[in-house]
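1. Build me a model:
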Amino acid sequence: MAGDEVIRIMCPNLGCQRVLAVPSSARGKLVRCRGCGSNIRIPVPRAEAPAAQSAPNSQQQRPAA
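-> Okay, here's the model as predicted:
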């Protein structure tokens, strides 16, 4: 992932809901919304390996038709 990528996230404050554009280097950090001043933690990406492992398990749990 390049350091110049932009993450777009909506402010969780229901009175604001401004869309923020933050650099990908801000993942896992707190940023402040310029619209309302709320602190927002930028989420870190999920690891792709656990997501790939959970997909086959969800298919196995389905009842046979």
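2. Tell me which stretches of the protein form helices.
-> Listed in chain order, the helices of the chain (DSSP state H) span 48-60.
3. pLDDT weak spots in it?
-> Along the chain, the model assigns pLDDT under 70 to residues 1-3, 48-65.
4. one more time with 50
-> Applying pLDDT under 50 to the chain picks out residues 49, 51.
5. Which stretches in it count as strands?
-> Ranges of strands in the chain, per DSSP state E, are 6-10, 19-23, 30-32, 39-41.
6. Identify whichever of the ones you listed lies nearest to Ala47.
-> strand 6-10 (17.3 Å; CB to CB). All C-beta spots, glycine's among them, are computed from the backbone N, C-alpha and C.
7. Next, the angle strand 19-23 makes with that closest one.
-> If you take axes from the mean of the first three to the mean of the last three CA atoms, to 10 degrees, strand 6-10 sits at 150 degrees to strand 19-23.
8. quick one, what contacts Asp4?
-> Residues in contact with Asp4 (CB atoms under 8 Å, 6 or more residues apart in numbering) are Pro23, Ser24.
9. mind redoing it with 6 Å?
-> Listed by CB atoms under 6 Å, 6 or more residues apart in numbering, the contact set of Asp4 is empty.
10. got it, and Val19?
-> Here Val19 is in contact with Arg8, Met10 (criterion: CB under 6 Å, 6+ apart).
11. Kindly report the same for Ile7.
-> Counting by CB under 6 Å, 6+ apart, Ile7 has contacts Val22, Ser24.
12. Roughly how far does it sit from Gly28?
-> Per CB to CB, to the nearest Å, Ile7 is found 11 Å from Gly28.
13. Also Cys11?
-> Separation of Cys11 from Gly28 (CB to CB): 18 Å.
14. Neighbour count: the two, which is higher?
-> The residue with more neighbours, out of Cys11 and Gly28, is Cys11; 20 against 10, by other CB atoms under 10 Å.
15. Put together CSV for the strands of the chain, with distance to Ala47 on each row.
-> Converted to CSV, the strands of the chain look like this (distance: least, CB to CB, whole Å):
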stretch, distance to Ala47
strand 6-10, 17
strand 19-23, 21
strand 30-32, 22
strand 39-41, 18
